[in-house]
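>>> okay, structure incoming, though there's no sequence with it:
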């Protein structure tokens, strides 16, 4: 009886590990929100993803090149926002991005013909204001996943 229980436990553990491995490989494609921003002189790409057991790891990427898979990602060439939402506006000069200051990492080597201006949202009250009124400011909201 004890041996049967241990055998069943081992089988359940192996099955769980295999399932997690399969899910890990599919997370990038299945839980990513992607938007292409078209400009006269090129494109920029926004990618948002959530992962982890509770989906509590959040990341938004702004890239000058299309990411076909996560191996294409070069962290030193993209803006990274560790947040569930950012706000942006396209204009004649390029892209203006509004993001929480403490959750933003600027790239060392961003290569694009499109100018990116980062406006950092600094206080809790400002975060709340943009969250509730971004449309009033003519901004578009980008979320890590489609909601």
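Looks like it arrived, so ask away. From a predicted model like this one, the values you see are computed outputs, not experimental measurements. Residues are numbered from 1 along each chain as shown.
>>> tell me the helices in the chain, going along the chain?
2-30, 124-133 (DSSP state H).
>>> can you give me the domain assignment for this structure?
Domain assignment for the chain, taken from automatic domain parsing, gives 1-30, 33-143.
>>> most tightly packed of these?
domain 33-143 (a mean of 15; mean count of other CB atoms under 10 Å). Every residue, glycine included, has its C-beta placed from N, CA and C.
>>> any idea how far residue 137 is from residue 105?
Per CB to CB, to the nearest Å, residue 105 is found 24 Å from residue 137.
>>> max-length strand in this structure?
strand 42-51 (DSSP state E).
>>> contacts for that strand?
For strand 42-51, the surrounding residues in contact (CB atoms under 8 Å, 6 or more residues apart in numbering) are 27-28, 31-37, 56-67, 84, 86, 88, 95, 112-114, 116, 142-145.
>>> partner strands of it, parallel or antiparallel?
Sheet pairing for strand 42-51, assigned by DSSP bridges, gives strand 32-39 (antiparallel), strand 57-63 (antiparallel).
>>> save those strands as TSV, and put in distance to residue 76 too.
Shown next, in TSV, are these (distance: least, CB to CB, whole Å):
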stretch	distance to residue 76
strand 32-39	21
strand 57-63	12
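>>> turn the ones you listed into CSV, columns for distance to residue 46 and mean pLDDT.
Shown next, in CSV, are these (distance: least, CB to CB, whole Å; pLDDT from 0 to 100):
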stretch, distance to residue 46, mean pLDDT
strand 32-39, 5, 90
strand 57-63, 6, 88
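>>> go through the ones you listed and name the closest to residue 129.
Checking those against residue 129 by CB to CB gives strand 57-63 as the closest, at 19.5 Å.
>>> starting at the chain centroid, how far to that closest one?
Centre-to-centre, strand 57-63 and its host chain are 2 Å apart (CA atoms, centre = their mean, to the nearest Å).
>>> swap in stretch 69-80?
With CA atoms, centre = their mean, you get 11 Å for stretch 69-80.
>>> for stretch 122-142, same thing?
With CA atoms, centre = their mean, you get 18 Å for stretch 122-142.
>>> which of the domains of the chain has the lowest average pLDDT?
Across these, domain 1-30 has the smallest mean pLDDT, namely a mean of 54.
>>> is the closest residue to residue 90 other than its chain neighbours in a bridge, and if so with what?
Leaving aside its sequence neighbours, residue 90 sits nearest to residue 37 (CB to CB, 6 or more residues apart in numbering; 6.4 Å). Beta-bridge pairing of residue 37 under DSSP bridges involves residue 44.
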